[in-house]
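> Could you look at this predicted model? Sequence included:
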Amino acid sequence: MRVRKVVVLALSLSLAFTLSACGAGRNAQTGKITQVTDGVDGTINTSGSYIKVRSFLLVAQPDGSAVVVGSMFNELTGPEDLLAISVGDKIATLSKTTYPLTANQPLHFSGDSANAKAVILGLNAASGTRVQVKIFFSHAGEMDLNAIVRDRSGIYSGVTA
């Protein structure tokens, strides 16, 4: 009787780990999920301080342009400026010449709390594709992102050039 209980317990534990993937180790697929939004994230580490880009994506417009959506944060100890954003050979038109990135004052591109605007004219990228984006900062250097292009519908229906 005791052997039977041990066998049932061992089998139950084995099935629990197998079915829940708890026994899959450090390379379990469920442990590799990191992107929880459409947009991509990026970070530049400069001596333990950071420039962070969060939820970055492009929204395709009917005229072939694309509008930047996302946020940028300065966690560096010194001043920083956003100088430019490019996709391939297309440079985004910023609504200001440069955008200062001040600590605790993020830049928000599009949306209700938007305080910045960037439009890539003539991009002609199809919705659902990914494009290589470069973001240039005054001191931190450049950041490379592989951003998705979304269509102007759903939560992005109000995003216009």
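Nice, thanks for sending it over. Numbers count the residues shown, from 1 in each chain.
> can you pull out the helices in this structure?
Using DSSP state H, the helices of the chain run over 2-20.
> center of it, which residue is that?
V40 (1.9 Å; C-alpha atoms, centre = their mean).
> ok, now which ones touch that residue?
V40 is in contact with 53, 55-57, 145-148, counting by C-beta atoms under 8 Å, 6 or more residues apart in numbering. Placement of C-beta: from N, CA and C, glycine included.
> List only those of those residues flagged as buried.
53, 55-57, 145, 147-148 (16 or more other C-beta atoms under 10 Å).
> partners of the strand with the most length in the chain in the sheet?
Using DSSP state E, we find that the single longest strand of the chain is strand 49-60. With DSSP bridges as the test, strand 49-60 is paired with strand 40-46 (antiparallel), strand 66-74 (antiparallel), strand 141-150 (parallel).
> Let's have those in TSV, adding mean pLDDT and distance to I135.
Listed next are these as TSV, based on pLDDT from 0 to 100; distance: least, C-beta to C-beta, whole Å:
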stretch	mean pLDDT	distance to I135
strand 40-46	93	7
strand 66-74	96	8
strand 141-150	96	5
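> Deepest in the core, which of these is it.
Sort the strands paired with strand 49-60 by mean neighbour count, taking mean count of other C-beta atoms under 10 Å, and strand 66-74 sits at the top with a mean of 24.
> what about S65, how many neighbours?
Using other C-beta atoms under 10 Å, S65 has 21 other residues around it.
> for it, what are its contacts?
Neighbouring residues of S65 by C-beta under 8 Å, 6+ apart: 119-123, 161.
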